[in-house]
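*Asks:* Can you look at this prediction? I've put the sequence above it.
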Amino acid sequence: MKHMGMIWFVTIAISVIILDQITKILAISYLKEPGSITIIPDWFKLTYTENTGIAFGVDPGSRMILVGGTAAILAGILIYVLLSKNRTPGFLTAFALILGGGAGNLLDRATSGRVTDFLHLDLYNGYIFNTWMSLWPVFNIADSAITIGAFMLLLWHNSIFSDS
């Protein structure tokens with residue numbers, strides 16, 4: 001029973017990586033040519049994009065810095081989880097989602113220099129500073145996992161870290 005928490009952690013992280021990579025392969029195979037498929041009009045589309053930067057397309061300048069920095073952050077998260085005595089489900093799930101999502105995007109950056117994004121919540125399009133833009137970026141499963149894990153840490157911080 002002592003190691004069940006870590007089995008849970010590894011299972012979640014690997015599942016996120018696998019699901020992320022499979023969906024990106026499908027996006028490349030089926031969305032690249034049409035570019036976009038509307039699923040729910042005015043709300044949800046599958047839109048193929050390639051992101052060479054980080055969140056919202058921000059370019060850090062160097063692929064090596066981005067890959068190395070991401071790998072260092074993920075290694076830090078893994079070391080933190082391994083050294084922590086906290087084995088609560090919330091703690092392990094939140095960090096497994098963040099680690100799995102980060103690793104999924106890291107695989108893309110390290111192998112092809114870009115991340116495939118394809119989920120597009122078309123929540124708002126409009127003018128900002130006289131420029132037409134979509135206010136919600138196109139994202140992927142890895143991004144979703146990172147976001148969910150981060151929100152878990154923010155929303156349930158006291159209960160997640162109560163046994164640390």
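*Replies:* Sure thing, it's come through.
*Asks:* Going by C-alpha atoms from here, please, whenever you check contacts or count neighbours.
*Replies:* Fine.
*Asks:* mean confidence for the helix or strand containing residue 26?
*Replies:* If you go by DSSP states H and E, residue 26 is part of helix 4-30. The average of the pLDDT scores along helix 4-30 is 96.
*Asks:* Also stretch 73-86?
*Replies:* Averaged across stretch 73-86, the pLDDT comes to 95.
*Asks:* before we move on, what about stretch 41-61?
*Replies:* Confidence for stretch 41-61, expressed as mean pLDDT, is 81.
*Asks:* now the end-to-end length of it.
*Replies:* 36 Å (C-alpha to C-alpha, to the nearest Å).
*Asks:* Name the residues of that stretch that are buried.
*Replies:* Of the residues in stretch 41-61, those with enough neighbours to count as buried (16 or more other C-alpha atoms under 10 Å) are 45, 46, 47, 48, 49, 50, 51, 52, 53.
*Asks:* a markdown table for those residues, including distance to residue 100 and secondary structure?
*Replies:* Rendered in a markdown table, the data for the buried residues of stretch 41-61 read as follows (distance: C-alpha to C-alpha, whole Å; DSSP: H, G, I helix; E, B strand; the rest coil):
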| residue | distance to residue 100 | secondary structure |
| --- | --- | --- |
| 45 | 24 | strand |
| 46 | 22 | strand |
| 47 | 23 | strand |
| 48 | 22 | strand |
| 49 | 21 | strand |
| 50 | 20 | strand |
| 51 | 19 | strand |
| 52 | 19 | coil |
| 53 | 19 | coil |
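*Asks:* residues contacting residue 160?
*Replies:* Contacts of residue 160 were listed using C-alpha atoms under 8 Å, 6 or more residues apart in numbering, and they are 88, 89, 90, 91, 153.
*Asks:* most surrounded residue in those?
*Replies:* residue 91 (25 neighbours; other C-alpha atoms under 10 Å).
*Asks:* and the gap between that one and residue 82?
*Replies:* Counting by C-alpha to C-alpha, the gap from residue 91 to residue 82 is 12 Å.
*Asks:* Please identify which helix or strand holds the most centrally placed residue in the chain.
*Replies:* Here the mean C-alpha position of the chain is nearest to the C-alpha of residue 143 (C-alpha atoms, centre = their mean), at a distance of 2.2 Å. Counting by DSSP H and E, the element that carries residue 143 is helix 141-155.
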